[in-house]
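J.: A structural model of the following input is requested.
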Amino acid sequence: MIRAWTQKLALAGAPDLRTEWVDKLSHKALVAQGAEQWTSLLGGQRVQRYAIRGKGGGPAVLLVHGLNGSSSSMAPLVRGLVPVSSRIALLDLPGHGLSPRPGSGPISVAEHAAAVMEAAEQLAQESGGKVVLVGNSMGGALSLHVARARPDLVAGVVGLNPAGADIADAAIAELPRSFPDLDAGARHMAGLLFKKTPLFFWLIGRDIARGWQRDIVQRILSDVRGGHHRALAGEGARTLAVPLYVLWGADDKLLPRASVDEFRAIPGARVEVLDDCGHMPQLEAPAVTSARVAEFVASLRV
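T.: Predicted structure coming up:
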């Protein structure tokens, strides 16, 4: 009751800003930090990418965001990675962030995976060695898929509440095809994504809800409802041949807590549960998450 009242109060005083505004601010911030920026074909789709030269001797890192997100949601990890990595790359998945909408219409989970695969291939070639994939939610599933398919490219994987185990049926049932009431939609998404909702979310919360009805988002959700996502990182993840670190926000309402046990069953996997945190630890607990990710990357020798 108190949380619902607090959420309503937060929204009452918040403007209805577009997520594109955040993406453009993130774009300017990355470029100001010296990031290269370009758009090119990946897996047959035009994709916006960034790359920052690191100062460390560790492997290059590719940051992969989740569904209905963008590279801006992974940008808080960049600063911590610069001292330990040789190169840090981010991308906006097809039709997400500042990447153009696919010309053929909404694309499947597998087609998103093809884009991440090619991004990893190119980063490995540019850096002259294997890369670390860091993914949140769907980005985690995509990262696990690439690592399983091409262990020759991958030094390790970090999953931040990664999908790949089954998504909670209750959560899927609670994700409608649209939110006619944007205030209610913003509150609903906040409850699924966060334990303690970051204040900035309320500025774009209505647009997050608005974006949920986009056909590219609904195509992915249809794949999830049909079980097609399991081909990316389900049972096959147990055969993962590269180091894996999973940081799991304990209060995730979108993915089931049973996922933690599934990832722990992977030989050699390191799994850490972060209390008082939800589905997006890089946004809800950025300092801790950044430090843990950087520590893992620094531990890898390739």
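J.: and the residue lying closest to Arg292 once chain neighbours are set aside, what does it touch?
T.: Once flanking residues are discounted, Arg292 sits nearest to Leu247: 5.6 Å by Cβ to Cβ, 6 or more residues apart in numbering. For glycine as for every other residue, the C-beta is placed from the backbone atoms N, C-alpha and C. Contacts for Leu247 (Cβ atoms under 8 Å, 6 or more residues apart in numbering) come out as 158-161, 272, 274, 281, 289, 292-293.
J.: Try it again at 6 Å.
T.: 160, 272, 274, 281, 292 (Cβ atoms under 6 Å, 6 or more residues apart in numbering).
J.: try Leu160
T.: 136, 247, 281-282.
J.: List the ones among those that fall in helices.
T.: 281-282 (DSSP state H).
J.: Closest one of the contacts of Leu160 to Arg264?
T.: Leu247 (12.9 Å; Cβ to Cβ).
J.: ok, so what distance separates the closest one from Leu160?
T.: 6 Å (Cβ to Cβ, to the nearest Å).
J.: same thing with Ala258?
T.: Applying Cβ to Cβ to Ala258 and Leu160 gives a distance of 18 Å.
J.: circling back: farthest-separated two in the contacts of Leu247?
T.: Spanning the widest gap among the contacts of Leu247 are Leu160 and Glu272, at 10.8 Å by Cβ to Cβ.
J.: re earlier: for the contacts of Leu160, which one is nearest Ser222?
T.: Proximity of the contacts of Leu160 to Ser222 (Cβ to Cβ) peaks at Asn136, which lies at 21.0 Å.
J.: My guess is that closest one contacts Gly66. True?
T.: Yes. In this structure Asn136 lies within contact range of Gly66 using Cβ atoms under 6 Å: 4.8 Å.
J.: For those two, indicate the residue with more neighbours.
T.: Asn136 (31 against 27; other Cβ atoms under 10 Å).
J.: need the contact list for the more buried one.
T.: Asn136 neighbours (Cβ under 6 Å, 6+ apart): 66, 160.
J.: for the chain, where's the lowest mean pLDDT among helices and strands?
T.: Ranked by mean pLDDT, DSSP states H and E, the weakest helix or strand in the chain is helix 230-233, scoring a mean of 50.
J.: Give me the mean pLDDT for the helix ranked longest in the chain.
T.: Counting residues, the longest helix in the chain under DSSP H turns out to be helix 109-127. Mean per-residue pLDDT for helix 109-127: 96.
J.: How about that helix, which residues are buried there?
T.: For helix 109-127, the neighbour count (16 or more other Cβ atoms under 10 Å) marks 109, 111-120, 122-124, 127 as buried.
J.: go on, stretch 146-156?
T.: The neighbour-count check on stretch 146-156 (16+ other Cβ under 10 Å) flags 146-148, 153-156 as buried.
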